[in-house]
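Trainee: fold the following.
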Amino acid sequence: MGKRKSKGKVVKKAKRKTATIFDCPFCNHRSTVECHFDSKARLATIRCRICAAHYQMQTNALTKPIDVYCEWIDKTEEENAKADEYDLGAEEVPTAEKKMKEQIKDNDDDGLLAGEYGEEDDV
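Mentor: As a prediction, this is how the structure comes out:
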């Protein structure tokens, strides 16, 4: 008589876990960005421990930390694209002071105000 055949041992496959700590896109430090959820307010906050860059978004029951990080990266890329479009379209980025000087030039009929900012027009 022979032995009964026994089944082989069941080997469980480890589930792949999604990341919860990420690299910062601003300061390029590794594993410094963490995500915290506030379930009562339904908000997720993601913040870098080094440069204090942060992003906040509304969440639902299915939102994971990787979703918040990806949304943050997408918004950052969108803002950078807008800034690049603006930089390509203009030689200089207008500041509030430059805009004020232009308004004074437009409204100055007799040329008295232009001298305040060091811009005297030759008549």
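Trainee: pLDDT weak spots in the chain?
Mentor: Within the chain, the stretches with pLDDT under 70 are 1-2, 87-123.
Trainee: show me where it has its helices.
Mentor: Taking DSSP state H to define them, one finds helices in the chain at 65-89, 96-107.
Trainee: right, and C48 touches C27 too?
Mentor: Yes. The pair formed by C48 and C27 meets the contact definition of CB atoms under 8 Å, at 6.4 Å. Just so you know, the C-beta spots here come from the backbone N, C-alpha and C atoms, and that holds for glycine as well.
Trainee: burial count for R49?
Mentor: Residues lying near R49 (other CB atoms under 10 Å) number 13.
Trainee: the one 3 residues further on too?
Mentor: Neighbour count for A52, taken as other CB under 10 Å: 10.
Trainee: swap in C48?
Mentor: 19.
Trainee: need the contact list for the closest residue to it other than its chain neighbours.
Mentor: Nearest residue to C48, sequence neighbours excluded (CB to CB, 6 or more residues apart in numbering): C24, at 4.2 Å. By CB atoms under 8 Å, 6 or more residues apart in numbering, the contact set of C24 is 32-33, 48, 50-51, 53.
Trainee: just send those back as CSV, with distance to T59 too.
Mentor: Below are these laid out as CSV (distance: CB to CB, whole Å):
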residue, distance to T59
T32, 22
V33, 17
C48, 19
I50, 24
C51, 23
A53, 19
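Trainee: out of the residues you listed, which sit inside strands?
Mentor: 33, 48 (DSSP state E).
Trainee: could you identify the buried members of the contacts of C24?
Mentor: Among these, those classed as buried by 16 or more other CB atoms under 10 Å are 32-33, 48, 53.
Trainee: and which of those residues is nearest T20?
Mentor: Nearest to T20 out of these is V33 (CB to CB; 9.8 Å).
Trainee: with adjacent residues omitted, what lies nearest to that closest one?
Mentor: Nearest to V33 is F22, by CB to CB, 6+ apart, at 4.3 Å.
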